[in-house]
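Asker: with the input below, show me the fold.
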Amino acid sequence: MITELNKADNEIITTLSSKYDKALSKINERRTFWKSTTRELIYTTLNNIKAASSLKELYTQQVIDCENLEAVNIGFNQTSSGIALKEGSNISVATKYGGYLCFAQSYNGNIYVFVMYPYVEEYVGQLENKLLATHEPSDFNIELIIGYFEKFINEMVDWEIEDRNPIGYKTSKIGLQTGDTA
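Answerer: Model (predicted):
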C-alpha cells in the first residue's frame, strides 16, 4: 500500500534536498576556485620561496594526476643521511628522505595543509603527518602561504635537532659482541 506524503513531510524533504544541493554546489565552487586561482597562487609562491632561499635541496611539486584530489608541495630532496654501514670493503649509505609541506585538496574541495616528516631508511622511522589546518581555497594569500612555510621549516629544524628514540644497534650488522661497547 502506497501512501502519499503530507504537506509537512513534503516540506521537510524539500528543505533537506535543498540543503544537500547547496552542499554539492559548494564543493564544485571550491574545486573551481582551486583550479582557477589557489593552486597556481600556492605553486608560484612556493617557487618564489625556493628561489629566495639558500636551501639547495628544496624542491616544489604539483601533484595533479588525480582530478579533484590534487596537491602542491615544497620539501627537501632525498640526501645521504651521513650514516654508513661498513661490511668489509663494502660501504652502504643510508638515505634520508626529506620532509615536505603539502597543500592538498580534499574530496570536498577544502584544502588541508600538513607536514610530512623526514625519515632515514632502516634507522629513523617517519613520524605521523602533522595536520596544520584546513582552509577554504579562497582563504589563501601570499602571507598565509609564507606563514605555513615558516611553520614547516621550524618543524624540520626541530626534527633535525630533537632527540627521539635511540637508533639502537643491530649486532649482526655492526659486529658488536655481547659485552662489547661502541
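Asker: run a quick neighbour tally on Y107.
Answerer: 9 (other CB atoms under 10 Å). In this view, the C-beta of every residue, glycine as well, is placed from N, C-alpha and C.
Asker: repeat for the one 4 residues further on
Answerer: Residues lying near I111 (other CB under 10 Å) number 26.
Asker: tell me where the protein has helices.
Answerer: 7-33, 39-52, 142-161, 171-174 (DSSP state H).
Asker: redo the ones you listed as JSON lines? Include mean pLDDT and distance to N110.
Answerer: As requested, these are exported to JSON lines (pLDDT from 0 to 100; distance: least, CB to CB, whole Å):
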{"stretch": "helix 7-33", "mean pLDDT": "95", "distance to N110": "6"}
{"stretch": "helix 39-52", "mean pLDDT": "97", "distance to N110": "14"}
{"stretch": "helix 142-161", "mean pLDDT": "96", "distance to N110": "14"}
{"stretch": "helix 171-174", "mean pLDDT": "43", "distance to N110": "45"}
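Asker: between these, which one is nearest to G88?
Answerer: With CB to CB as the measure, helix 171-174 is the member of those nearest G88 (12.4 Å).
Asker: on that earlier part again, ranking the helices of the chain by burial, who's on top?
Answerer: Comparing the helices of the chain by mean neighbour count (mean count of other CB atoms under 10 Å), helix 39-52 ranks first with a mean of 17.
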